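Asks: My questions concern the predicted model and sequence given below.
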Amino acid sequence: MKFHILTLFPEMVLQGLMSSITGRAVREQKIEVEAIDIRDYTKEKHRKVDDYPYGGGAGMLIQAQPVYDAYQSVSEKLSPSHTRRVIYVTPQGSPFSQQMAEEFSAYDDLIFLCGHYEGIDERVLEEVVTDHVSIGDYVMTGGELAAMVMVDVIARLVPGVLHNQESARTESFQGPLLEYPQYSRPEIWHGKAVPEVLLSGDAGRVRAWRLEESVKRTRERRPDLYAQYQELVECRERMKKQKRLHADMLGLLERGCGQRPCRCGERILLYGRDGKTMFYTSMGAERESEFWENLPEETLAGVRRVFLHQQASVEPFQKRTGMRLIGRYRNWIYTKKEKLPVRGLYRQDAETEDGFLIRELANGQYGAYVQETLAGRAGIDEEGGLWTECFWTDLPEGEKVPVEKALWTFLSNLALEQGFTPYARLSAENAVSQNRLEELGFYGSKTELYCMEF
Ligand code: SAM
């Protein structure tokens with residue numbers, strides 16, 4: 001990912017971003033950062049870029065021409081196949097949030113425009129800017145700090161930027177709860193002891209304590225987020241009555257990445273991490289047509305893919321949105337707490353000879369190797385679902401089933417180690433993998449899910 005920052009103070013931006021973790025990420029080529037001096041593009045003598053605002057008023061305004069030319073100099077260099085957004089940091093923008101950062105982190109190029117003085121001539125903003133973003137309800141002297149805040153937050157979501165990816169997932173604001181309190185050595189400092197449970201070595205007790213503390217802290221410090229959390233708990237309890245059918249929606253909530261939950265009586269709407277995938281269950285509520293006809297437009301804004309959990313929703317949903325049914329699925333869930341037996345199936349180091357070798361691939365996926373040949377890939381997707389893919393044609397007949405079994409077992413155990421319930425969404429037609437999961441102790445939903453797209 002590359003960040004391009006259009007600014008009057010390139011040295012300020014580079015000094016800040018070339019330090020600490022973002023600086024390391026640049027040196028390790030995980031991200032690129034360039035600062036473009038808007039002043040280099042002015043046609044005025046004395047490198048002047050500002051002028052008085054028409055109609056009068058205090059202060060000066062950055063003129064359209066140098067901003068436009070600086071933007072063009074970046075834009076011309078970008079590959080047409082790259083995805084990009086152009087962000088004007090302004091107190092008049094939408095409030096920056098972790099969810100917005102998740103969305104931006106999926107782009108190849110992000111161009112930031114930093115204002116100064118009283119801001120920038122509106123006409124160039126209209127021509128180049130795709131997003132207006134504010135970092136808070138206060139006014140700073142320039143956009144540099146705002147752009148730096150945004151680059152920092154987005155960069156840490158880019159794979160490989162944080163050396164321990166775990167911490168990106170469990171820190172504050174990933175879900176609606178604030179993070180629990182943390183302690184390091186020594187055990188006693190200023191007469192204050194570290195809570196006993198953290199020294200117990202009992203992972204289950206530690207997890208329960210942390211959740212309790214997170215809830216307490218959120219209730220005290222952020223009542224607004226606490227209300228969201230209570231809403232999530234309510235949704236979860238309702239969906240748990242049909243655990244298998246709702247395994248994907250429950251998985252999203254469990255991982256703290258289900259966005260904007262919305263409950264309307266028995267009905268629940270939930271969005272994936274990027275806001276483009278929506279999940280819906282009616283849980284038997286009646287009058288589906290009426291519900292979809294009256295749903296406010298903003299509920300569907302930006303949604304590209306929808307999983308409907310009841311067949312009765314398909315027709316009225318299609319009528320309202322124009323999206324078509326593109327596939328039927330079933331959710332599969334493993335509800336036991338014990339890990340699956342591994343003996344003879346796979347190994348993660350090259351020392352032993354027992355089973356396929358499973359290695360982490362560069363992109364966070366895992367590969368199963370048969371004599372150094374990649375025989376299958378697997379991973380846990382953004383929403384927490386397990387998936388596998390076997391390269392059947394390259395494999396000898398006798399090894400096809402064991403490779404798939406090894407990968408499902410490996411992923412299930414990985415999810416359990418991370419404290420999550422393993423689940424997978426399989427095409428309703430994929431009888432082979434469904435049998436495999438059944439053999440491993442997964443249960444499939446009795447009814448199907450319906451995937452809708454444009
Ligand atoms: N006259 C502008 C207004 O009232 O909206 C404020 C201009 S401000 C003094 C100068 C620049 O600082 C802005 O153009 C913007 O780029 C940046 N800026 C100030 N506060 C900001 C905030 N809260 N979030 C993002 N950018 C901000």
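Replies: Yes, it's here. Numbers count the residues shown, from 1 in each chain.

Asks: For the rest of this, base every contact and every neighbour count on C-alpha atoms.
Replies: OK.

Asks: Neighbouring strands - and their directions - for the top strand by length along the chain?
Replies: Identified as the longest strand of the chain according to DSSP state E is strand 84-95. Strand 84-95 sits in its sheet next to strand 109-114 (parallel), strand 131-134 (parallel), going by DSSP bridges.

Asks: Whether the following helix or strand past the last one contacts the ligand - can you check?
Replies: By that I understand strand 131-134. Later in the chain than strand 131-134, the nearest helix or strand by DSSP states H and E is helix 144-155. Yes - counting by C-alpha under 6 Å from any ligand atom, the ligand is contacted by helix 144-155 at A146.

Asks: Count the neighbours of M12 for me.
Replies: 14 (other C-alpha atoms under 10 Å).

Asks: oh, I was asking about L374
Replies: Neighbours of L374 (other C-alpha under 10 Å): 17.

Asks: which SS state does it fall under?
Replies: With DSSP: H, G, I helix; E, B strand; the rest coil as the basis, L374 sits in strand.

Asks: Enumerate every residue touching it.
Replies: 367-368 (C-alpha atoms under 8 Å, 6 or more residues apart in numbering).

Asks: and it, how far is that from S433?
Replies: 19 Å (C-alpha to C-alpha, to the nearest Å).

Asks: Report the inter-axis angle for the longest strand of the chain versus helix 144-155.
Replies: Orientation note: strand 84-95 sits at an angle of 110 degrees relative to helix 144-155 (axes from the mean of the first three to the mean of the last three C-alpha atoms, to 10 degrees).

Asks: Now strand 84-95: buried residues?
Replies: 84-91, 93 (16 or more other C-alpha atoms under 10 Å).

Asks: Leaving out chain neighbours, which residue sits closest to the residue in the stretch 251-400 of the chain that the ligand sits nearest to?
Replies: In the stretch 251-400 of the chain, the residue that lies nearest the ligand is D274 (22.2 Å; C-alpha to the nearest ligand atom). Of all residues not flanking D274 in the chain, E103 sits nearest, at 5.1 Å (C-alpha to C-alpha, 6 or more residues apart in numbering).

Asks: burial count for the one you found?
Replies: Around E103 there are 15 other residues, counting by other C-alpha under 10 Å.

Asks: hang on, the earlier thing: roughly how far is whichever helix or strand comes after the longest strand of the chain from the heart of the chain?
Replies: Using DSSP H and E, the next helix or strand after strand 84-95 towards the C-terminus is helix 98-104. Taking the mean of its C-alpha atoms, helix 98-104 sits 7 Å from the chain's own mean (C-alpha atoms, centre = their mean, to the nearest Å).

Asks: what residues does helix 98-104 touch?
Replies: Against helix 98-104 from outside (C-alpha under 8 Å, 6+ apart): 85, 110, 150, 153-154, 157, 173-174, 273-275.

Asks: can I get the residues you listed in CSV with distance to S412 and pLDDT?
Replies: Compiled in CSV, the contacts of helix 98-104 are given as follows (distance: C-alpha to C-alpha, whole Å; pLDDT from 0 to 100):
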residue, distance to S412, pLDDT
R85, 37, 97
L110, 36, 98
M150, 35, 98
V153, 30, 97
I154, 29, 97
L157, 24, 92
F173, 26, 45
Q174, 23, 49
R273, 21, 77
D274, 24, 73
G275, 26, 80
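
Asks: closest to the ligand among those?
Replies: M150 (9.6 Å).

Asks: Next up, the contacts around V342.
Replies: Residues near V342 by C-alpha under 8 Å, 6+ apart: 406, 409-410.

Asks: out of the residues you listed, which one sits closest to T22?
Replies: Nearest to T22 among the contacts of V342, counting by C-alpha to C-alpha, is F410 at 32.8 Å.

Asks: and the gap between that closest one and P181?
Replies: Distance, F410 to P181, by C-alpha to C-alpha: 32 Å.

Asks: for E34, same thing?
Replies: 37 Å.

Asks: Pick out the most distant pair among the buried residues of strand 84-95.
Replies: Top of the distance list for these (C-alpha to C-alpha): R84 and P91, 22.0 Å.

Asks: which residue sits closest to E288, ignoring its sequence neighbours?
Replies: S313 (6.1 Å).

Asks: now do L211
Replies: Y180 (7.1 Å).

Asks: okay but that neighbour is in contact with R207, surely?
Replies: No - the pair Y180 and R207 fails to qualify as a contact (C-alpha atoms under 8 Å) at a distance of 10.1 Å.

Asks: which of those two has more neighbours?
Replies: Per other C-alpha under 10 Å, whichever of Y180 and R207 has more neighbours is Y180, with 18 against 14.

Asks: what about the host helix or strand of E127 and the ligand, any contact?
Replies: Using DSSP H and E, E127 falls within helix 122-128. No - judged by C-alpha under 6 Å from any ligand atom, helix 122-128 stays clear of the ligand, getting no closer than 10.7 Å.

Asks: Show me the contact partners of that helix.
Replies: Contacts for helix 122-128 (C-alpha under 8 Å, 6+ apart): 64-65, 67-68, 71, 86, 88.

Asks: what do you get for stretch 36-48?
Replies: Taking C-alpha under 8 Å, 6+ apart as the rule, stretch 36-48 contacts 4-10, 49, 65-67, 69-70.

Asks: Taking those residues, tell me the two that lie furthest apart.
Replies: The widest separation within the contacts of stretch 36-48 (C-alpha to C-alpha) is 19.4 Å, between H4 and V49.

Asks: who does the helix or strand encompassing G327 touch, helix- and strand-wise?
Replies: Assigned by DSSP H and E, G327 belongs to strand 324-333. Contacts defined by 3 or more C-alpha pairs under 8 Å, 6 or more residues apart in numbering; DSSP states H and E place strand 324-333 against helix 247-254, helix 314-321, strand 423-427, strand 443-444, strand 449-453.
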